[in-house]
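[1] return atomic coordinates for the entry below.
(one chain, ligands or ions: 2)
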Amino acid sequence: MRTSTPMRTSIATVSLSGSLTEKLTAASRAGFDGVEIFENDLLASPLTPEEIRARCADLGLSIDLYQPMRDIEAVPEDEFKRNLRRARHKFELMRRLGADTVLVCSSVHPLAEDNDALAAHHLRQLAALAQDFGIRVAYEALAWGRHVSTYDHAWRIVEAADHPALGTCLDSFHILARGSDPKGIEDIPGEKIFFLQLADAPLMAMDVLQWSRHYRCFPGQGGFDVAGLVKHVFAAGYDGPLSLEVFNDVFRQAEAGPTAVDAHRSLLVLQESAGLAALPEPVVPTGVAFAELVTPDADPVGALLRALGFARTARHRSKPVDLWQQGEARVLVNTGPAARRDGTQLAAIGLESPDPAGAARRAESLLAPVLPRRRAPEDVALEAVAAPDGTELFFCATDRPELTSWTHDFEPLDHREPARHVHRVDHLALTQPWHQFDEAALFHRTVLGLSTCDSVDVADPYGLFRSRPVTNADGSVRIALSVGPAPTDDTVRAQHIAFTTDDVVAAARAFRAAGGRLLAVPTNYYDDLAARFEFADGELETYRELGILYDRDADGDFRHCYTETVGRVFFELVQRDGGYSGYGAQNAPVRLAAQHVGRPPR
Ligand SMILES: O=C(O)c1ccc(O)c(O)c1
Ligand SMILES: [Mg+2]
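    Ligands and ions are numbered 1, 2, ... in the order given. So this is what the prediction gives:
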């Protein structure tokens, strides 16, 4: 493992939104060492090349690449003459910028010839000119290049051109999108790999140019084995930067600062996966200690919890926070100042951790904002970090004598015994801000050490949701991340807490008897259930009466129902039997539609 010299990291300006200045600032703050300057970002900037150079220097960024130069090689001779003239201009510009490597992507010119000897001859002339300027040319195969579309083909041409100022640029997207075997990279001498660009992408069957220009994402967020490719590149002897080049419609709109942090985190994890760097080990959470709701008015949430069988068992010593408990399920209800700002929402999650300090070290090494260990001077010190959506994550050691427990901040109340319908939190469902879904999945997987499941599409009457659960191995921590298709406001960004019960019918009846109202589910849904499954006599009628939804997979069955919503939050009762491991995705469209009933029309 190569841990002595940390790898240099870089990011193409095209990967971030905003003006060139905003992009550079974001890249520097997130910890990148360098940037690739995308030509359009320079053309659109009011700064002179000298000012850009000075700005980068002030920000501690090197300019690792200037790009792209297009349609250079294998074109008709008069065209090539003009290309050399154009190149001379760009090399002069690069001298002013202080950039010493230029990317040339394989030609898509309609008149380009399928002639490797001519391509090599042209690139050799270009490299000779570049050399006069102290510049190196890195030739990259675009996956949709007219005649050169694979990395090995680009390398053969570079090898034939045989010029010291000419090498190749490897771009993981082009290589993996074409399905090329990256093992062959090891046949390229390391010193001839002038640059390495990294991007992942979700696996999709679509035109490769559209795929590249709109759907690239940061390593670890898509379906490619980017770490595997990187291993081959370093085995070949490459020693340049790891540089992200991500064209993505969401990142183009999202704020540059958080995107750059997400980007840098992806490179840290990539280095870990490729064996190029060591990070503190992930500490996988072993359960949910609590979920904390903030609310301006404790009554509606309290009424729901009481009807669900919870009892208010303790109160925070110094703050307006109540602990509601039933079995191992614990909900904190906080009516402090945040609630007046944010309304009712899930603000924090306590995760049981075998090593809270280790979990925080891991999180910090992956750029998670670390929260103050004490929220107030009199509180016990707890390790906590913020997730990308702002949810506070506390690493807890509940009732473990050797460690401080969050429960020490709470004073027991004289209370009624809780009921025994609910045992623990089954899952937490958090709708993410529209531009943070991929970041959230990467964060929960790499920072918390949870496993990501496949994402599923769920139809809502007013749009399509994507949902992606993350879990630990035994299912004692399950977080369902979801996102709407478009910028979603907070009324749509619902959150919920699902509680495990052994008998959802009894729990639902008790909830109703205590005055709770369950979400009403349309009769059509039950007619469909009757067609799909066989039920015991009266069973379906019970579900219909209570609004219980049903699903079954190869391993077991799933029965669940929903309370009404307070602010952004509602509760779910969940009965899992056998090894059912899903979340009733099949039922989600019906549930989402039912939740719109009674809301003001949109
Ligand atoms: O989409 C493009 O044209 C394009 C340009 C430059 C690159 O390095 C690249 O990978 C793609
Ligand atoms: Mg590229």
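[2] contacting residues for the spatially closest residue to Ala368 that is not a sequence neighbour?
    Sequence neighbours aside, Val385 is the residue nearest to Ala368 in space, at 4.1 Å (criterion: Cβ to Cβ, 6 or more residues apart in numbering). Where you see a C-beta, it was placed from the backbone N, CA and C, and this is true even at glycine. Counting by Cβ atoms under 8 Å, 6 or more residues apart in numbering, Val385 makes contact with Ala360, Ala363, Glu364, Ala368, Pro369, Val370, Leu371, Glu392, Leu393, Val447.
[3] next, give me the two most distant ones among those residues.
    Farthest-apart pair in the contacts of Val385 is Glu364 and Glu392; separation 14.7 Å (Cβ to Cβ).
[4] circling back: so what pairs up with the residue nearest to Ala368 in the strands?
    Val385 forms beta bridges with Val370, Leu393, as assigned by DSSP bridges.
[5] coming back round to it: neighbour-wise, which of Glu364 and Glu392 wins?
    Glu392 (18 against 15; other Cβ atoms under 10 Å).
[6] residues from the stretch 101-250 of the chain in reach of ligand 1?
    Counting by Cβ under 6 Å from any ligand atom, the residues of the stretch 101-250 of the chain close to ligand 1 are Leu103, Cys105, Glu140, Leu142, Asp171, Gln197, Ser212, Arg213, Glu245.
[7] so which of these are in strands?
    Using DSSP state E, the subset of those located in strands is Leu103, Cys105, Glu140, Asp171, Gln197.
[8] closest to Arg8 among the residues you listed?
    For these, the nearest to Arg8 is Gln197 (13.6 Å; Cβ to Cβ).
[9] help me confirm that that closest one comes into contact with Asp171.
    Yes: with contact defined as Cβ atoms under 8 Å, Gln197 reaches Asp171; the gap is 4.1 Å.
[10] which residues do the two both contact?
    Common contacts of Gln197 and Asp171 (Cβ under 8 Å, 6+ apart): Glu140, Glu245.
[11] neighbour-wise, which one of the ones in strands among the residues of the stretch 101-250 of the chain next to ligand 1 leads?
    Using other Cβ under 10 Å as the neighbour test, these are led by Asp171, with 27 neighbours.
[12] thought it was touching Glu245?
    Yes: with contact defined as Cβ under 8 Å, Asp171 reaches Glu245; the gap is 6.6 Å.
[13] identify the contacts common to the two.
    With Cβ under 8 Å, 6+ apart, Asp171 and Glu245 have common neighbours Gln197, Leu198, Ala199.
[14] so the closest residue to Thr500 other than its chain neighbours: helix, strand or coil?
    Spatial nearest neighbour of Thr500, excluding adjacent residues (Cβ to Cβ, 6+ apart): Asp426 at 4.3 Å. Three-state secondary structure (criterion: DSSP: H, G, I helix; E, B strand; the rest coil) places Asp426 in strand.
[15] for Asp426, list the residues it contacts.
    Going by Cβ under 8 Å, 6+ apart, Asp426 touches Arg478, Ala498, Phe499, Thr500, Glu572, Val574, Arg576.
[16] any idea how far it lies from Val504?
    Separation of Asp426 from Val504 (Cβ to Cβ, to the nearest Å): 11 Å.
[17] what do these two both touch?
    What both Asp426 and Val504 touch, as defined by Cβ under 8 Å, 6+ apart, is the set Val574.
[18] which SS class is Ala473?
    coil.
[19] make CSV from the contacts of Asp426 and add pLDDT, secondary structure and distance to Ile157 to it.
    Output for these, formatted as CSV (pLDDT from 0 to 100; DSSP: H, G, I helix; E, B strand; the rest coil; distance: Cβ to Cβ, whole Å):
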residue, pLDDT, secondary structure, distance to Ile157
Arg478, 98, strand, 51
Ala498, 98, strand, 57
Phe499, 98, strand, 63
Thr500, 98, strand, 61
Glu572, 98, strand, 59
Val574, 98, strand, 59
Arg576, 98, strand, 58
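[20] just the closest of the residues you listed to ligand 2, please.
    Arg478 (37.7 Å; Cβ to the ion).
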